[in-house]
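S.K.: have a look at this fold, sequence not included:
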């Protein structure tokens, strides 16, 4: 039977999930190697006995994300229409704090001396006002080639999303004059209006393209050298797979790759359990990723800011990330106030208890001090934790306030929980959702440790800890489909709707996304979905309206306008039935469904669950001799009341007093308040 593997490279650990149709699922993890992420991947794959059986690998990588955050990309030349080369430097008028005199505008991913303007001009209707000066482009390409300092080119011409002729011609000329220089076109990366967002996204793609190409090529070659002949794919920010060759061409689509796997797996878990609404909380070693599944569907966005003022406008699953994880460092400010994160101890030196030289207190150290983690069972006993080092680290915080070590550890956990509740509120309450109508799925190595506290603090009725929580994102990668998204600005309105132009754009988008999947060898059935980004004329934000027709007609548009009024009223509780409506973008998505592993069912319980051991655990309400259960011993229907711990190789589920746990037919742990 063939093997299918999902791999999630995180800041602290690299997670592996293997699906074998004969033997089910197997999960493991190794420490990440930030300097060479592929090294940890190859090390982890060495645990597979027969690499020739691997039919597919899907890799979620942080290479693109880290390159952007740490600004380790290439030197980029930016080419714009004459008079518009300063758009990336002027940016937008908004800022994080209007009254913060110390605020500094973030720098774009290029130097101003590397920004060039060329003679050409296309207007908003696609008419050529000034033809492209090809001699000027050839001279520029030759100059950049001869100087050899620029490693990539980003092209962003005015109204190229209406007519891309000039951008396409610039790429052809560079291919002739400087064939080794990669070129990113705004028409291919983000063919929509708003010059700043389009410029920044195209620049980001060019900025990381040489590095991502190098890393992806290295992974592909090292995988082949190890004897892996199956399909190797990367995970995109929209939760779908993409071939390594396609990933090299548009690396910006990998910008938020890793966290998407957990949301994909959560969607399938919600469907299997009949849960409509699910909030997901992925607590790893470095960060916490929060998302929601509403009515069985994940939510998508392209409104993402890497830094305030640096937008990345690419299709992605709507995931909010905060700097809170097991490795988050607890620290005191100038007046003695206790903070947790966003800085992380990472994989090296890691928390003090890891024994790699770290001395600062972290959330993992706090959980160890409170008895929630067994120092001899971490990673299934493969890595013994240093409890005394953890106490010394937490003691540095405790001494400043005259607390005991346990009191300081509880304070660290409370602050950590409060940070995560704030992230939950951002995706629930601030978007009009009632937490009482959601279940909370927690995963990542640290997720189960905090699930009960978060249920209590966020007023969510049901918590779920899935199988293999530490590798749940990697598991989601094995369930991903192939997907291609394209949107294009149109600026049509209900008073003057051009049916022919709208149909031409729709047909072009449908052809583009279908061809994208065909080029990646997806020859089966491809499903197309379409949508419109709409708003009332004069507004600044749009709503997405799904449409279910392949072509527009004058008669059918009446229903589209009515549907928008209804959608607007559902969202904002009022509508403007006499106001003109503007269609800002037309979007099209192609999806190729992929085979997915089945959720295995576990045996039913024949007797009551028996704890394997007991140990002293500190909770906010007191200290208890707490029963410790081994997860592999639990069967469907088992249940018990807190306080209790459920241990597995890579995590511990904490059931606080006043809560109870039951095991469902798939082996997931369900936690709720009461007996």
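M.R.: Perfect, thanks for sending it. Since we're looking at a predicted model, the values are computed, not measured.
S.K.: now residue 357. Nearest residue, chain neighbours left out?
M.R.: In this structure, residue 357 finds its nearest non-sequential neighbour in residue 349, 4.2 Å apart by CB to CB, 6 or more residues apart in numbering. (Each C-beta comes from the backbone N, C-alpha and C, glycine too.)
S.K.: my read is that neighbour is in a helix, agree?
M.R.: No. The assignment for residue 349 (DSSP: H, G, I helix; E, B strand; the rest coil) gives coil, which keeps it out of a helix.
S.K.: separation between it and residue 359?
M.R.: 8 Å (CB to CB, to the nearest Å).
S.K.: of these two, who's got more company?
M.R.: residue 349 (15 against 12; other CB atoms under 10 Å).
S.K.: just for the chain, where's the confidence low?
M.R.: 1, 11, 22, 96, 307-308, 347 (pLDDT under 70).
S.K.: can you point me to the longest helix in it?
M.R.: helix 195-225 (DSSP state H).
S.K.: listing partners with orientation, what would you give for the following helix or strand past that one?
M.R.: Heading C-terminal from helix 195-225, the first helix or strand you meet, by DSSP states H and E, is strand 231-235. Sheet pairing of strand 231-235 (DSSP bridges) gives strand 54-60 (parallel), strand 241-243 (antiparallel).
S.K.: against residue 390, how distant is the closest residue to residue 340 other than its chain neighbours?
M.R.: Sequence neighbours aside, residue 415 is the residue nearest to residue 340 in space, at 4.5 Å (criterion: CB to CB, 6+ apart). For residue 415, the distance to residue 390 equals 17 Å [CB to CB].
S.K.: neighbour count winner among those two?
M.R.: For residue 415 versus residue 390, the count of surrounding residues by other CB under 10 Å is larger for residue 390: 28 against 20.
S.K.: give the contact list for that one.
M.R.: Shown in contact with residue 390 (CB atoms under 8 Å, 6 or more residues apart in numbering): 351, 352, 353, 361, 364, 365, 366, 368, 369.
S.K.: try 6 Å
M.R.: For residue 390, the contact set (CB atoms under 6 Å, 6 or more residues apart in numbering) comprises 352, 353, 365, 368, 369.
S.K.: now the residue with the largest distance to the centre of the chain: phi and psi?
M.R.: Going by CA atoms, centre = their mean, the residue of the chain most distant from its centre is residue 135, 42.8 Å out. Residue 135 adopts backbone torsions of phi -60, psi -40, taken as degrees, to the nearest 10.
S.K.: repeat for residue 551
M.R.: Here the main-chain torsion angles of residue 551 (degrees, to the nearest 10) amount to phi -140, psi 150.
S.K.: give the contact list for it.
M.R.: By CB under 6 Å, 6+ apart, residue 551 lies in contact with residue 503.
S.K.: and what of residue 484?
M.R.: 513, 516, 517, 590 are the contacts of residue 484 under CB under 6 Å, 6+ apart.
S.K.: of those, closest to residue 211?
M.R.: residue 516 (22.9 Å; CB to CB).
S.K.: what secondary structure does the residue nearest to the closest one when sequence neighbours are not counted sit in?
M.R.: Computed as CB to CB, 6+ apart, the closest residue to residue 516 that is not its neighbour in sequence is residue 484, at 4.0 Å. For residue 484, the assignment made with three-state DSSP gives strand.
S.K.: just to revisit the earlier point, quick one, the longest helix of the chain and strand 231-235 angle?
M.R.: Angle, helix 195-225 to strand 231-235, by axes from the mean of the first three to the mean of the last three CA atoms, to 10 degrees: 150 degrees.
S.K.: domain assignment for this protein?
M.R.: 3-68+213-254, 71-208, 260-324+416-477, 328-412, 482-592, 613-673 (automatic domain parsing).
S.K.: residue 601 is nearest to which of these?
M.R.: When these are compared by CB to CB, domain 613-673 sits nearest residue 601, at 5.2 Å.
S.K.: on that earlier part again, and the contacts of residue 484, which of them are in strands?
M.R.: Residues of those located in strands (DSSP state E): residue 590.
S.K.: and after the host helix or strand of residue 531, which helix or strand comes next?
M.R.: Counting by DSSP H and E, the element that carries residue 531 is strand 526-536. Heading C-terminal from strand 526-536, the first helix or strand you meet, by DSSP H and E, is strand 543-547.
S.K.: so what touches that next one?
M.R.: 530, 531, 532, 533, 534, 563, 564, 567.
S.K.: which PyMOL command selects the buried ones in those residues?
M.R.: PyMOL command restricting these to the buried ones, with burial defined by 16 or more other CB atoms under 10 Å:
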select buried, resi 530+531+532+533+534+564+567
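S.K.: residue 449: which of the contacts of strand 543-547 is nearest?
M.R.: Closest to residue 449, out of all of these and judged by CB to CB, is residue 531, at 39.2 Å.
S.K.: could I get the full set of strands for the stretch 51-200 of the chain?
M.R.: With DSSP state E, counting those that start in this stretch, the ranges of strands along the stretch 51-200 of the chain come out as 54-60, 76-81, 115-118, 121-122, 128-130, 152-156, 183-185.
S.K.: sorry, back to before: list the contacts of the residue nearest to residue 357.
M.R.: By CB under 6 Å, 6+ apart, residue 349 lies in contact with 356, 357, 358.
S.K.: in the stretch 301-450 of the chain, which spans are helices?
M.R.: Assigned by DSSP state H, counting those that start in this stretch, the helices in the stretch 301-450 of the chain fall at 363-369, 387-401, 405-427, 447-458.
S.K.: so which of those is the most packed in?
M.R.: Comparing these by mean neighbour count (mean count of other CB atoms under 10 Å), helix 363-369 ranks first with a mean of 29.
S.K.: what sits against residue 363?
M.R.: Contacts of residue 363 (CB under 6 Å, 6+ apart): 326, 328, 416.
S.K.: what about the first one, how many neighbours?
M.R.: So the one you mean is residue 326. For residue 326, the tally of surrounding residues (other CB under 10 Å) stands at 30.
S.K.: just give the nearest non-adjacent residue to residue 442, would you?
M.R.: Spatially, and ignoring its direct neighbours in sequence, residue 442 is nearest to residue 451 (4.3 Å; CB to CB, 6+ apart).
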